[in-house]
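In: Model the following, please.
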Amino acid sequence: MPTSKPNERNPKRRGPEVSGPLERGRACFERQQWNDAFEALSAADQSTPLGVEDLHRLAWSAGLTARDEEMLATQERLYHAHLEVGEGLPAARAAFWLGFRLFARGEAGRAGGWLGRAQRLVERDGRDCVEQGYLLLPVGQRHLSAGELREAYDAAARAAEFGDRFGEADLAAFARNLQGRALLSEGRLDRGLALLDEAMVAATSGELSPIVTGIIYCSAIASCQRVYALDRAREWTAALTSWCEAHPQLGMFTGHCLVHRAEIMQLSGSWPEAVEEARRAVERCVRAIEREAAGRAHYQQAEIHRLRGEFAAAEAAYRNASRSGIEPQPGLALLRLAQGDRDAAASAIRRVVGATSDRLQRTRFLPAHVEIMLAVGDLEEARAASMELDETASTFNTEVLTAIAGHARGAVQLAEGNSRAVLDPVRRAFGTWQQIGAPYLAARLRVLLGRACVALGDVEGARLELEEAREVFERLGARPDLAAIEAIGASLDGHYKGKTPLGRHGLTQRELQVLRLIASGKTNKAIARELLLSEKTVDRHVSNIFTKVNVSSRAAATAFAYEHELI
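Out: Below is the predicted model of the structure:
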């Protein structure tokens, strides 16, 4: 752990000009120019072996520029250098970071050896010390990985106490992040997210060392995504992006940052940008320790290719994700369904659901399970998956999980012939996705509402929902969804023909609806609220109406509506 921390608020601050490599390396480290610091300190080390303070700088310059092997070798030198002068606790700190990094790399044997050395040094010293708190972190992490949530929380709480007592901001923030993750896994979202937020405040305000700042960012974002706290995930991803951009010589966390950005961009409907960010993430994540992040980036590319109907590209990307150790489901099963291979889709989704026990992890697969089971006609299995989603949403009590469960329940109820029961939960789920800013997911719910309207004989209502969905799918390039709308439209006795203008006035059904509300005196904001649209969408509809009927004001549009008996 760095014992001194550069100025986070002004990482590009310039100091006095220095000439020698050692002085230059120290100055660059202070300015958080870690690549330059590594090169200068390495050059200085070749002529005269570095002392402990400069070994410390060299180790973290290597680590923050993604030079893992150099970082581990230098930390080991630092460990021995402290021991040679009888500094047991600083040696224990170096041993801790060796063990912690090796643990993250999946080298459990070497990690355990170094953590054991650190523990012996702390016990030999016999005093209360901050290193005791650091050594509780891997204990808590092991409990968390084993599902021993209370034990994980208790270990992290004790670590936080050490951090507070010794004024060690890195330890306190790290421990509270771990406490929060344990509570999230227990379903105690409010308290868990509050602890994550507390740790994130320390990270964003520059109170922590760079290595712990990056760890806190990535861990918090992943945890928020796991419990579907998507607003927070988006907020912290933006903060992580700003932090990475402010440190152009940072190498350790940039690949993970790009993956998080790609995931948020896909959710927000920026699909071309999401594919590009995922491609950049794959290029960055070349080390063995980054295989998982690379796999997630491949999976992200595959999902967008699938949704666009680019099936060959999707298949290749799913296979790349699998090679990186990432489960390519449920996307690959949904690809098989889109390709018409229902048996393969059903077998794949049943296999992955059957092999997954973690409740939140199952939530990743269950919506696809419902969709595929309905496609193959297994209503009972679809109903069971939908009920499980309801139970999980009730346990964790988040709007997003409730929306996911509502979508699944509505699809099952429609298949059961209970079309009227579809409307309320699906409209509430639609409102959640619209508020979050997830246009594709909101449009899919409009299609489900349109199908329910068809079943209820409400042709005009079906037209309205399908037109809005079509507009989103066209903008995103979601060709399979557009084809599905065409199929539904064929059932409307020829009344719904894509976006063909209806009547001599040339207005679509949605535009007619907006025009009638304009004539009633409603503002665009009020219209957006009543129709569950964004104000920007209503603005576009109003502009189209004015163009089509050749008017320039709301009063003239109202007059046109009365003149042509549209009200």
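
In: okay, CA-based contacts and neighbour counts for the rest of this
Out: Fine.

In: average pLDDT across stretch 212-223?
Out: Mean pLDDT, computed over stretch 212-223, is 92.

In: cool, stretch 362-370 as well?
Out: 96.

In: Low-confidence stretches in the chain?
Out: Applying pLDDT under 70 to the chain flags residues 1-19, 286-288, 490-506.

In: Apply 50 and report the result again.
Out: Applying pLDDT under 50 to the chain flags residues 1, 3-18, 493, 495-503.

In: I'd guessed residue 419 sits against residue 409; true?
Out: No - Residue 419 is not in contact with residue 409 according to CA atoms under 8 Å; the separation is 11.3 Å.

In: Which one's more surrounded, the two?
Out: Shown here are residue 419 and residue 409; by other CA atoms under 10 Å, residue 409 has more neighbours (25 against 20).

In: Find the nearest non-adjacent residue to that one, please.
Out: Counting by CA to CA, 6 or more residues apart in numbering, residue 409 lies nearest to residue 386, which is 5.6 Å off, once chain neighbours are set aside.

In: and what of residue 149?
Out: In space, not counting the residues next to it along the chain, residue 149 is nearest to residue 182; the distance is 5.4 Å by CA to CA, 6+ apart.

In: Quick check: the gap between the one you found and residue 176.
Out: Distance, residue 182 to residue 176, by CA to CA, to the nearest Å: 10 Å.

In: and residue 320, how many neighbours does it have?
Out: 20.

In: Double-check it against residue 298; I have them as touching.
Out: Yes - using CA under 8 Å, residue 320 is in contact with residue 298, at 6.2 Å.

In: Does anything pack onto the helix or strand containing residue 365? Which helices or strands?
Out: Here residue 365 sits within helix 359-376, counting by DSSP states H and E. Contacts defined by 3 or more CA pairs under 8 Å, 6 or more residues apart in numbering; DSSP states H and E place helix 359-376 against helix 331-338, helix 342-354, helix 379-396, helix 399-415.

In: got the contact list for residue 382?
Out: 369-371, 373-374, 412 (CA atoms under 8 Å, 6 or more residues apart in numbering).

In: 6 Å - rerun?
Out: Residue 382 is in contact with 370, 373, counting by CA atoms under 6 Å, 6 or more residues apart in numbering.

In: any idea how far the residue lying closest to residue 304 once chain neighbours are set aside lies from residue 137?
Out: Leaving aside its sequence neighbours, residue 304 sits nearest to residue 271 (CA to CA, 6+ apart; 6.7 Å). Separation of residue 271 from residue 137 (CA to CA): 38 Å.

In: Just give me the neighbour total for the residue nearest to residue 365 when sequence neighbours are not counted.
Out: Nearest non-adjacent residue to residue 365, counting by CA to CA, 6+ apart: residue 330, 5.7 Å away. Residue 330 has 20 neighbours, counted by other CA under 10 Å.

In: what does the one 10 residues further on give?
Out: Summarising burial for residue 340: neighbours were counted as other CA under 10 Å, giving 11.

In: Could I get the phi/psi values of it?
Out: phi 90, psi 0 (degrees, to the nearest 10).

In: Which parts of the stretch 451-567 of the chain are helices?
Out: Along the stretch 451-567 of the chain, counting by DSSP state H, counting those that start in this stretch, helices occupy 459-476, 479-489, 509-519, 524-531, 535-549, 554-563.

In: Please state the offset of the shortest one from the chain centre?
Out: Meaning helix 524-531. Distance of helix 524-531 from the chain centroid (CA atoms, centre = their mean, to the nearest Å) equals 30 Å.

In: Could you pull out the buried residues of it?
Out: 524, 526-528 (16 or more other CA atoms under 10 Å).

In: Likewise for stretch 165-180?
Out: Buried residues in stretch 165-180 (16+ other CA under 10 Å): 166, 168-180.

In: still on that earlier bit, of all the buried residues of helix 524-531, which comes closest to residue 395?
Out: Nearest to residue 395, judged by CA to CA, of the buried residues of helix 524-531 is residue 528 at 32.6 Å.

In: Just to check, that closest one is in contact with residue 537?
Out: No - Residue 528 is beyond contact range of residue 537, at 7.9 Å (criterion: CA atoms under 6 Å).

In: before we move on, back to that, please tabulate the buried residues of stretch 165-180 in CSV and include distance to residue 125 as additional columns.
Out: Formatted as CSV, the buried residues of stretch 165-180 follow (distance: CA to CA, whole Å):
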residue, distance to residue 125
166, 17
168, 19
169, 23
170, 22
171, 20
172, 22
173, 25
174, 24
175, 23
176, 26
177, 28
178, 27
179, 28
180, 31
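
In: between these, which is closest to residue 35?
Out: residue 170 (22.8 Å).

In: Where does the residue lying closest to residue 160 once chain neighbours are set aside sit, in terms of helix or strand?
Out: Of all residues not flanking residue 160 in the chain, residue 172 sits nearest, at 4.5 Å (CA to CA, 6+ apart). Element membership of residue 172 [criterion: DSSP H and E] is helix 169-185.

In: Identify the residues contacting that helix?
Out: 149, 153, 156, 159-160, 163, 192, 195-196, 199, 208.
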